[in-house]
Each structure stands twice: as structure tokens, then as C-alpha cells.
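[1] model the structure of this input:
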Amino acid sequence: MFFLVAVLLLLGMVLGTVAHVPVSFAVLAAAGIAVWLGIFALRERLARRS
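    Residues are numbered from 1 along each chain as shown. Prediction:
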């Protein structure tokens with residue numbers, strides 16, 4: 001239960017921060033994170049195959 005409360009608190013902090021930055025910056029940051037996660041997933045998949 002404590003873990004769930006902590007996660008919801010952190011999510012609220014992140015969403016609150018995004019609400020105060022310009023939309024273009026939020027989209028650029030989201031795209032950067034998506035690319036980073038895609039590269040990470042690709043590297044993990046390739047590492048498991050070999």
C-alpha cells in the first residue's frame with residue numbers, strides 16, 4: 001500500500017511539472033524519452049538473442 005501511495009505521489013509531481021512547461025518542450029522531452037527507451041529495448045532484445 002505504501003508503494004502505491006509513493007508511486008501516485010511521484011506521478012502527481014511529474015504531471016504537475018509538465019503542466020507548467022511549454023507544450024513544445026514537453027513534446028520534445030517525451031520524444032527524447034521514447035527514443036531512449038526504444039534504443040534500450042532494442043539493445044536488450046539483441047543481447048538476449050546472442
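
[2] list the residues that contact residue 44.
    Residues near residue 44 by Cβ atoms under 8 Å, 6 or more residues apart in numbering: none. No exception for glycine: its C-beta is placed from N, CA and C like everyone else's.

[3] er, residue 22 I mean
    Contacts of residue 22 (Cβ under 8 Å, 6+ apart): none.

[4] break down this protein into its strands, ranges please.
    Remark: no strands are assigned in the chain by DSSP state E.

[5] next one: the residue nearest the centre of the chain from residue 49, what distance?
    Residue closest to the mean C-alpha point of the chain, counted by Cα atoms, centre = their mean, is residue 33 at 5.8 Å. Here the criterion is Cβ to Cβ, to the nearest Å. By it, residue 33 lies 25 Å from residue 49.

[6] how close does the residue nearest to the centre of the chain get to residue 18?
    Distance, residue 33 to residue 18, using Cβ to Cβ: 12 Å.
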